[in-house]
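*Asks:* Provided below for reference: sequence and predicted model.
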Amino acid sequence: MKDAFKKALAAQGKKQQQAEENKFFESLVRVHRAGEGAPFTGLKPAGEVEPVIAEADKALAGGSPDGLLKMVTDSVNQGIRQRYEKAAETLKHKDESVQKGREYVEAYVEYTHYVERLQMDAEGHAAHHGETAHKKHAVQKHEHGH
């Protein structure tokens with residue numbers, strides 16, 4: 001990050017400066033997304049908004065959150081279902097080999113962290129900005145023998 005920032009500051013000429021600034025912001029967003037456990041899909045051009053933000057704006061303009069609720073609920077349903085199905089499938093085969101056991105653990109962690117993040121966000125906690133949720137979860141899992 002420091003190198004990208006220095007390059008952005010040291011860039012000569014408008015075109016090079018713009019290119020280095022873009023690299024810096026891409027690095028910044030990439031690091032932030034990695035910290036959230038989310039993929040980095042690139043920076044959006046100015047004026048382009050995420051579909052959910054467009055839907056949120058549409059809800060305000062239209063006087064009803066129904067379309068937004070459906071959009072978010074459908075995404076949450078799909079996200080939980082996919083992770084659940086993977087965890088349930090790998091659970092069936094976890095004792096067949098060390099590799100299958102690892103696949104189950106990975107699927108279980110992805111599944112439980114996903115639903116935990118959703119719940120934390122729904123309750124208004126900023127789980128992705130600190131380690132406390134993950135530490136707490138790890139302690140609970142240890143205490144319950146998972």
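*Replies:* Right, received. Where do you want to start? Residues are numbered from 1 along each chain as shown.

*Asks:* walk me through the domains of this structure.
*Replies:* 1-48, 63-146 (automatic domain parsing).

*Asks:* by mean pLDDT, show me the worst of those domains.
*Replies:* Of all those, mean pLDDT reaches its minimum on domain 1-48 (a mean of 65).

*Asks:* where do the helices of the protein begin and end?
*Replies:* Applying DSSP state H to the chain gives helices spanning 2-10, 14-36, 51-62, 66-93, 98-122, 132-143.

*Asks:* check which helices and strands the longest one is in contact with.
*Replies:* Helix 66-93 sits against helix 51-62, helix 98-122, with contacts defined as 3 or more C-beta pairs under 8 Å, 6 or more residues apart in numbering; DSSP states H and E. Every C-beta, even on glycine, is put in place using the N, C-alpha and C of the backbone.

*Asks:* the longest one to helix 66-93, inter-axis angle?
*Replies:* Meaning helix 98-122. Helix 98-122 and helix 66-93 meet at an angle of 160 degrees, taking axes from the mean of the first three to the mean of the last three C-alpha atoms, to 10 degrees as the criterion.
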